[in-house]
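Colleague: what's the 3D shape of this:
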Amino acid sequence: MKTFRISCLILSLFVFAGYASPIEADAIKPAGLKIYTEAYPPMNFVEKGKLSGLATEVVRELIKRSAIRADIQLVSWEQGYKAVMEKPNVALFSIAMTPERKPLVHWVGPIAFANANFYARKGSNFGIRFLEGAKKIPNIVVVKDDYMEQFLRKEGFSNLESVATQEIAIGELLSGKAQLFPCSNIAMPALLKRVNATMGDVESVLNLSTNMLYIAFSKGTSPELIALLQKTLDEMKADGSFRRIYAKWLSAEMPPGIVNMMTEEYPPVTFIKDGKVTGFVTDMVREISARQGIQDNIRLTSWDEAYKLALSNPNVVLFSTEKTDKREKLFQWVGPVGKNSAIFYAKKGSGIRMKSIDDARKAAAIGTTSNWFTEQELRSRGFTNLVSSPLPTESVRKLMNGEVELAIFTDITVPQIVENAGYSMDDLEPAFPLSSTYFYIAMSLGTPPETVKKWQSILDELKKDGTFEKIYRSYLPNADMQDLLGK
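Modeller: Numbers count the residues shown, from 1 in each chain. So this is what the prediction gives:
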């Protein structure tokens with residue numbers, strides 16, 4: 001793919017191959033289904049004259065089980081993308097489902113997660129949780145003029161070393177000359193192999209972006225065929241064969257499930273502890289999943305990424321999410337699982353005094369977090385003085401540096417956010433409450449209604465049998481839970 005020759009981090013578009021087998025179901029037989037691909041190891045490549053790789057094996061098994069006959073050709077990404085958009089009975093994989101593309105083709109998947117990550121040498125123990133923390137690392141190696149170099153410089157990184165190729169970059173990481181290197185989880189194994197190293201030599205320390213990848217079918221393809229292929233893929237995930245294929249090629253990665261659970265660093269609701277995603281709503285989601293026999297596949301990324309994926313993809317569980325008027329019709333809802341208050345905070349000693357929300361409109365700037373309900377609420381009220389940041393810790397920093405006069409956070413999460421930013425609650429003072437709200441587990445619109453009902457039913461069981469209160473109080477022992485428990 002042309003874009004990947006520029007950067008291993010432009011993760012929006014991928015193409016991989018499948019295989020052919022005879023068709024038996026004439027009612028859904030496509031008139032010469034064509035599957036387009038190009039070489040991109042380890043997902044798809046030619047080895048000893050034979051097509052191989054993770055995506056190849058998945059699609060080969062999918063086509064075999066579905067008894068579909070297909071013609072496969074190696075073409076450029078541009079040719080494949082043009083064909084799936086313009087011609088009937090064409091498949092292209094893997095491709096990210098975005099809001100712009102979603103109505104243009106039919107989708108089967110997901111078959112892979114594509115992540116942009118910061119990688120470090122194994123055992124480095126940097127403990128980086130946020131982008132701000134990476135700015136304190138002595139040396140980050142990037143490939144000159146590639147997308148990630150441009151992105152990091154735009155974000156204010158001054159600790160970047162530009163080199164000519166990915167091979168040079170990974171060499172500097174492995175030798176210790178550089179402490180971090182941004183790359184995709186899919187490209188990294190093949191890159192390491194080219195320099196005689198393995199995934200055991202590195203570790204992912206921070207996720208930068210995430211995409212869910214699918215097989216796209218042109219609009220002229222039979223809907224019955226699409227339904228059959230999706231059903232077959234879900235069966236592969238349920239019987240473990242999909243996971244085994246994934247582990248063969250990307251052993252360090254967690255494969256996508258039938259339902260995919262996304263969250264952010266938002267302690268004590270959700271956060272990383274000892275390398276594991278935890279928090280009181282995380283524990284609830286884990287318990288709901290366990291009672292259905294669903295394998296734990298919780299992924300932690302930035303809120304902006306998680307929110308984007310839940311808006312674009314079916315069968316995504318997003319937690320925790322405020323149920324606001326703006327979001328009401330964007331998701332299906334399970335809950336409530338908690339409550340909090342949104343509060344304007346000022347820097348200690350600022351002298352700012354607020355008697356109403358209108359006083360906040362007079363502030364020179366208010367720090368908000370991208371796509372958080374607080375930012376959406378203020379925008380809906382006509383606020384034009386908002387300074388949005390992708391992470392809440394950046395809003396704390398801007399408040400402390402005087403870049404904004406106010407910042408808005410929730411009462412149960414602000415202590416940890418402030419600590420993660422390198423400050424204490426003594427450095428801030430509450431200025432005015434905006435609202436008190438409940439938060440929920442959100443499920444994307446493409447999720448079957450019966451799945452949503454099942455999750456709500458099990459949550460109700462947790463509240464009745466005492467599990468909900470036990471989990472909640474293990475993180476917030478003094479919380480008032482009367483209304484959450486329906487008492």
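
Colleague: pretty sure Ala112 contacts Ile186?
Modeller: Yes - assessed by CB atoms under 8 Å, Ala112 is found in contact with Ile186 at 7.1 Å. Backbone N, C-alpha and C define where each C-beta goes, glycine included.

Colleague: mind listing what's buried in stretch 36-45?
Modeller: 36-45 (16 or more other CB atoms under 10 Å).

Colleague: would you map the strands across the stretch 301-450 of the chain?
Modeller: 316-322, 331-347, 366-369, 386-389, 406-410, 428-444 (DSSP state E, counting those that start in this stretch).

Colleague: are we agreed that Thr98 is in a strand?
Modeller: No - per DSSP: H, G, I helix; E, B strand; the rest coil, Thr98 lies outside any strand segment and is coil.

Colleague: in strands only, show me the buried residues of stretch 36-45.
Modeller: Applying DSSP state E to these, the entries found in strands are 36-37, 45.

Colleague: related to what we said a few turns ago, turn the strands of the stretch 301-450 of the chain into CSV, columns for mean neighbour count, mean pLDDT and distance to Gln166.
Modeller: Below are the strands of the stretch 301-450 of the chain laid out as CSV (neighbours: other CB atoms under 10 Å; pLDDT from 0 to 100; distance: least, CB to CB, whole Å):
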stretch, mean neighbour count, mean pLDDT, distance to Gln166
strand 316-322, 25, 95, 31
strand 331-347, 21, 96, 38
strand 366-369, 25, 96, 32
strand 386-389, 18, 95, 30
strand 406-410, 27, 96, 38
strand 428-444, 19, 94, 34
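
Colleague: and those as TSV, adding distance to Gln230?
Modeller: Below are the strands of the stretch 301-450 of the chain laid out as TSV (distance: least, CB to CB, whole Å):
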stretch	distance to Gln230
strand 316-322	15
strand 331-347	19
strand 366-369	35
strand 386-389	36
strand 406-410	38
strand 428-444	15
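
Colleague: can you check which of those strands gets nearest to Ser241?
Modeller: strand 316-322 (22.7 Å; CB to CB).

Colleague: in its sheet, what does the closest one sit against?
Modeller: As defined by DSSP bridges, the strand partners of strand 316-322 come to strand 260-263 (parallel), strand 428-444 (antiparallel).

Colleague: wait, which of the ones you listed is closest to Ala346?
Modeller: strand 428-444 (4.5 Å).

Colleague: what angle sits between that closest one and strand 406-410?
Modeller: Strand 428-444 runs at 50 degrees relative to strand 406-410, counting by axes from the mean of the first three to the mean of the last three CA atoms, to 10 degrees.

Colleague: what inclination does strand 428-444 have with respect to strand 331-347?
Modeller: 170 degrees.

Colleague: where does the stretch 351-487 of the chain have low pLDDT?
Modeller: Along the stretch 351-487 of the chain, segments meeting pLDDT under 70 span 487.

Colleague: so where do the helices sit in the stretch 101-250 of the chain?
Modeller: 131-134, 147-154, 166-175, 187-194, 223-239, 241-249 (DSSP state H, counting those that start in this stretch).

Colleague: out of these, flag the one nearest Asp426.
Modeller: helix 131-134 (20.1 Å).

Colleague: list the contacts of Arg473.
Modeller: Applying CB atoms under 8 Å, 6 or more residues apart in numbering, one finds that Arg473 lies in contact with 479, 481.

Colleague: which of the three states applies to it?
Modeller: From three-state DSSP, the assignment for Arg473 is helix.

Colleague: from Glu253, how far out is Phe113?
Modeller: Distance, Phe113 to Glu253, by CB to CB, to the nearest Å: 7 Å.

Colleague: ok, Val325 - how many residues close by?
Modeller: Val isn't right for residue 325; it's Asp. For Asp325, the count of nearby residues is 9 (other CB atoms under 10 Å).

Colleague: quick one: pLDDT of it?
Modeller: Looking at Asp325, its pLDDT reads 87.

Colleague: once you drop chain neighbours, what's closest to it?
Modeller: Ser380 (7.5 Å; CB to CB, 6 or more residues apart in numbering).

Colleague: again, but for Met199
Modeller: The nearest residue in space to Met199 (CB to CB, 6+ apart) is Ala252, at 4.9 Å.

Colleague: tally of neighbours for that neighbour?
Modeller: 14.

Colleague: try Ser370
Modeller: 17.

Colleague: same deal with Gly133?
Modeller: Look at Gly133: counted by other CB under 10 Å, it has 19 neighbours.

Colleague: can you give me the strands in the stretch 51-200 of the chain?
Modeller: Counting by DSSP E, counting those that start in this stretch, the stretch 51-200 of the chain has these strands, from start to end: 70-74, 90-96, 106-121, 140-143, 160-163, 181-184.

Colleague: which among these is found nearest to Ala310?
Modeller: Comparing the strands of the stretch 51-200 of the chain against Ala310 with CB to CB, the closest turns out to be strand 106-121 (13.0 Å).

Colleague: just want the angle from the closest one to strand 90-96.
Modeller: 40 degrees.

Colleague: could you give the mean pLDDT of strand 106-121?
Modeller: Averaged across strand 106-121, pLDDT comes to 95.

Colleague: for stretch 292-303, same thing?
Modeller: 90.

Colleague: and that stretch, which residues are buried?
Modeller: Buried, per 16+ other CB under 10 Å, within stretch 292-303: 294, 297-303.

Colleague: check those residues and tell me the two furthest apart.
Modeller: Between all members of the buried residues of stretch 292-303, the farthest pair (by CB to CB) comes out as Ile294 and Ser302, at 24.1 Å.

Colleague: on that earlier part again, so which of the helices of the stretch 101-250 of the chain gets nearest Gly486?
Modeller: Closest among the helices of the stretch 101-250 of the chain, using CB to CB: helix 223-239, at 34.0 Å.

Colleague: coming back round to it: surely the residue nearest to Met199 touches Asp201?
Modeller: No - using CB under 8 Å, Ala252 is not in contact with Asp201, being 11.2 Å away.

Colleague: still on that earlier bit, just the ones in strands among the buried residues of stretch 36-45 now: which is nearest Asp465?
Modeller: Thr37 (50.0 Å).

Colleague: thought Ile95 was touching the closest one, still the case?
Modeller: No - using CB under 8 Å, Thr37 makes no contact with Ile95, being 11.3 Å away.

Colleague: and the closest residue to Leu104 other than its chain neighbours, how close does it get to Ser209?
Modeller: The shortest distance from Leu104 to any non-neighbouring residue, by CB to CB, 6+ apart, is to Met85 (6.2 Å). Using CB to CB, Met85 is found at 24 Å from Ser209.
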